[in-house]
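In: model the following, please.
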Amino acid sequence: MKKTKICMGLALLAMLGGISACGSKTNPLHKAYEEVITEFPLASSCFELSEDGSFVSVDTNPSDIDDYFVTDSFDAVETFNEKLGFPGYVWEDMLHTSSADGKQTESCGQIEVTWKYHPDRGLEATYKLILS
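Out: Numbering: from 1, shown residues only. Just a heads-up that it's a prediction; the model follows:
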């Protein structure tokens, strides 16, 4: 019985440690998010860091206005990719995705990005922290 309580306590501590690490300033998503928002303040409405720090969502046309995108949003996404260590071809793939391609996915280290593009709604991407 005592071993079970110790194991349960250790599992809880490990889980809480994972949660706090996910939201901490050492989280690569959080760090890149802060740097990009500082560098591209006009694009800040396009980026959203989740409360727990496990993902960042990006929408270059958050109001879904036809044929519109937020100034600097594409430069901000390219810079965000660079800060997270994604190779240049990922940005090129994002630029050349059509609405017919559907959702695309790529991984780099502990980050996975999925994205889709529609000419009226812009580029939408989600960067997820992969916890092992």
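
In: contacts and neighbour counts: CA atoms only from here.
Out: OK.

In: is Glu112 bridged to anything, and to what?
Out: Judged by DSSP bridges, the bridge partners of Glu112 are Ser107, Lys128.

In: list the contacts of it.
Out: Thr105, Glu106, Tyr127, Lys128, Leu129, Ile130 (CA atoms under 8 Å, 6 or more residues apart in numbering).

In: repeat that with 10 Å
Out: Applying CA atoms under 10 Å, 6 or more residues apart in numbering, we find Glu112 in contact with Phe55, Phe86, Thr105, Glu106, Thr126, Tyr127, Lys128, Leu129, Ile130.

In: can you say which of those residues are buried?
Out: With neighbours counted using 16 or more other CA atoms under 10 Å, those contain these buried positions: Phe55, Phe86, Thr126, Tyr127, Lys128, Leu129.

In: which one of these is nearest Pro28?
Out: Within the set of the buried ones among the contacts of Glu112, Leu129 lies nearest Pro28; the separation is 8.3 Å, counting by CA to CA.

In: could you check the pLDDT of that closest one?
Out: Looking at Leu129, its pLDDT is 95.

In: identify the residues contacting it.
Out: Leu129 makes contacts with 22, 27-30, 53-56, 109-113, as judged by CA under 10 Å, 6+ apart.

In: now do 8 Å
Out: By CA under 8 Å, 6+ apart, the contact list for Leu129 reads Cys22, Leu29, Ser54, Phe55, Gln110, Ile111, Glu112.

In: in PyMOL, select just the buried ones from those.
Out: The PyMOL command for the buried members of the contacts of Leu129 (criterion: 16+ other CA under 10 Å) is given here:
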select buried, resi 22+29+54+55+111+112
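
In: pick out the most distant pair among the buried ones among the contacts of Glu112.
Out: The most distant members of those, if one measures by CA to CA, are Phe55 and Phe86, lying 15.7 Å apart.

In: contact partners of the helix or strand hosting Thr105?
Out: Thr105 is part of strand 104-108 when elements are defined by DSSP states H and E. Outside strand 104-108, the residues that touch it by CA under 8 Å, 6+ apart are Leu84, Gly85, Phe86, Val90, Glu112, Val113, Thr114, Trp115, Lys116.
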